[in-house]
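Undergrad: Starting from these lines, generate the structure:
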Amino acid sequence: MGKRWAFLVLALVAILPISDAAAPSWEEWQGVAGVFDLGGPRADGSLVVAGSAALYTLTPDAVLAPFARGPGGYRDDPGAEAYLAVSPGQHVTGAGCDFARDDIFILRLHAPLGITKVRSSGDEAGSFVNLGVTPNQIAFDTTGSFDHRLLVAGPVSGKTEVVAVDCNGGVQVITKTAPAGEGGSAVAPRTFGGFAGYLVLPDELSGIIWAVAPDGTARQVVDSGLPKGQDTGVESLGFVPSGFSKGGFVYYSDRATAGSPHPGSDKVLRLSSADLVAAGVQDGDLLAATEGGASMIDVRCATTCRAVTVVGTPTGVHGEGHLVFTLNRATSPSQAPHHPLPVDEGMTGLANEPANTYIRILAILAVVSVAGWLVFRRRRR
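TA: As a prediction, this is how the structure comes out:
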């Protein structure tokens, strides 16, 4: 009778659902008054933080310091969401010039509309270029598909105008008819399937993530599947850099917003690479987070694109700006489960199943083994 009970117990284990490991959740890491965007990292490893009409530097060790506050420093409207981009220091062939490493380019949302430049030293700030639209997105082309220029976007008659700005301040219109969007945009790396080198834009209203090619054509990457709507849907993007899986953090701005269903905290949030790797994130993937609640998906593209939710439960976070990353030398635990996202709609099989599927299969094999052993014992009698 005891052996039969053992068999029943093992059978029950095989069919009962086994809970997944704890999902990643954002850590409220560093307080910054009015925080709404992040850029970098700079050459010294620090991030640039935009707060209420002020800039800061923030090291991975949580050392926060005022930046560009001197007589020639940065001044702007305390309430503006003036997103920024930090120069990686690349050469623009068509203009025959270079963007200086660590110079900061900030959206200017008052007349004259355009971009303000803050030198890497922080001791000089001034107009870089004027634009004909109110800009609401900014990102550097790090792949060269747009000749390493600064890409700026803004709304025009229900669509989005995208322009490319070279290091001499020359402006070229890429398109005036891209889908509507706003927030932290990014250029896809060469490993991102059919969208390699495209400018990727979030649209919080529809929940769709779009991609704009260098010739101005636009295509849908994925429907995020996350909550959508004003101040709710996908707001922020970032591509996981090479080496992130060996150690690092991703950061997001949580802006305090009185009266909002997502009131925020005025904190810089972060997630570790170890937690994200355990959830299936790989170098080169796209992470996209919502403004309301900071839910986040992981997108991987090859022949087709697939999205998987890695931070699912919305919180009180009011996310703004870009997702940015730092790397360190610490290695994520090799024992952490690593479950690649499927990269093609036709792909099936164990390689694309969650960890508890493997456990169930092992449990079923154990049941089969015990059953066979019991049958063998009974026949011997």
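Undergrad: which residues of the stretch 51-200 of the chain fall in strands?
TA: Here the stretch 51-200 of the chain has its strands, by DSSP state E, counting those that start in this stretch, at 54-58, 64-67, 84-86, 91-92, 97-98, 104-108, 114-118, 125-130, 137-140, 150-156, 159-165, 171-178, 186-187, 199-202.
Undergrad: Minimum distance to Ser46: which of the ones you listed has it?
TA: Minimum separation from Ser46 across the strands of the stretch 51-200 of the chain (Cβ to Cβ) falls at strand 54-58, 4.5 Å. Every residue, glycine included, has its C-beta placed from N, CA and C.
Undergrad: that older thread, for Cys305, find the nearest of the strands of the stretch 51-200 of the chain.
TA: Among the strands of the stretch 51-200 of the chain, the nearest to Cys305 by Cβ to Cβ is strand 199-202 (10.8 Å).
Undergrad: Now do the nearest residue to Val49 once chain neighbours are set aside against Ala139, distance only.
TA: Distances taken as Cβ to Cβ, 6 or more residues apart in numbering put Tyr56 closest to Val49, at 4.3 Å, once the chain neighbours are dropped. Using Cβ to Cβ, to the nearest Å, Tyr56 is found at 21 Å from Ala139.
Undergrad: before we move on, what about Thr315?
TA: 26 Å.
Undergrad: out of those two, which sits in the more crowded spot?
TA: Legend: neighbour count by other Cβ atoms under 10 Å for Thr315 and Ala139, higher for Ala139 (24 against 19).
Undergrad: so that one sits right up against Ala186, yeah?
TA: Yes: if you go by Cβ atoms under 8 Å, Ala139 and Ala186 touch, sitting 5.3 Å apart.
Undergrad: so what sits against both of these two?
TA: Listed as contacting both Ala139 and Ala186 by Cβ atoms under 8 Å, 6 or more residues apart in numbering are 199, 322.
Undergrad: Surely Val187 and Gly144 touch.
TA: No: contact criterion Cβ under 8 Å: Val187 and Gly144 do not qualify, at 9.5 Å.
Undergrad: shared neighbours of these two, anything?
TA: Gly197.
Undergrad: Quick check on the two: which one has the bigger neighbour count.
TA: Set Val187 next to Gly144 and count neighbours by other Cβ under 10 Å: Val187 wins out with 25 against 16.
Undergrad: Pull the host helix or strand of Ala288 out as PDB, backbone CA atoms only.
TA: Here Ala288 sits within strand 286-290, counting by DSSP states H and E. Output of strand 286-290 as PDB, limited to C-alpha atoms (Å, rounded to 0.1, in the frame of the first residue of the first chain):
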ATOM      1  CA  LEU A 286      14.900  45.700 -26.600                       C
ATOM      2  CA  LEU A 287      13.400  46.500 -23.300                       C
ATOM      3  CA  ALA A 288      10.300  48.700 -23.300                       C
ATOM      4  CA  ALA A 289       8.600  50.100 -20.100                       C
ATOM      5  CA  THR A 290       5.300  51.800 -19.600                       C
END
